[in-house]
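Student: Based on what follows, work out the 3D shape:
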Amino acid sequence: IENGIYLGDLNVVKFAGPFDFDLVRRKLEFDFTSIAIFGFKIQIKPSDAAKIGSSTGLGSESNVKNSNKGKRPFFNWISADENIATARGGGGG
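Tutor: Residues are numbered from 1 along each chain as shown. Reported below is the predicted structural model:
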């Protein structure tokens, strides 16, 4: 899975890592295991992504606590088509 921060078409920061999708529960669990900053890629531990998010304001402290318990970030899919996908994350947003 990939997620990132873009300025127009310029990829400033990109997070990537493995994911699992439970079709019956419509739940996508994932980990970020690499970060690319302006194309320079570094490997990270999944728990590091939660710490980076918490320290920068992009995530919450509860993500760090959940990561320490072995829980992965997730989205519960609501709907998807060729134009848009909607989902609710573990934080409720």
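Student: What residues does the closest residue to residue 13 other than its chain neighbours make contact with?
Tutor: Leaving aside its chain neighbours, residue 13 sits nearest to residue 5 (4.4 Å; criterion: CB to CB, 6 or more residues apart in numbering). For glycine as for every other residue, the C-beta is placed from the backbone atoms N, C-alpha and C. When contacts are counted by CB atoms under 8 Å, 6 or more residues apart in numbering, residue 5 touches 11-14.
Student: So which of the residues you listed sit within helices?
Tutor: When the contacts of residue 5 are checked against helices (DSSP state H), there are no matches.
Student: Check those for burial and list the buried ones.
Tutor: residue 14 (16 or more other CB atoms under 10 Å).
Student: Make a markdown table out of the contacts of residue 5 and add pLDDT and distance to residue 87.
Tutor: Written out in a markdown table, the entries for the contacts of residue 5 read as follows (pLDDT from 0 to 100; distance: CB to CB, whole Å):
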| residue | pLDDT | distance to residue 87 |
| --- | --- | --- |
| 11 | 90 | 22 |
| 12 | 94 | 23 |
| 13 | 91 | 21 |
| 14 | 92 | 19 |
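Student: coming back round to it: give me the element the residue nearest to residue 13 is part of.
Tutor: Element membership of residue 5, judged by DSSP states H and E, is strand 2-7.
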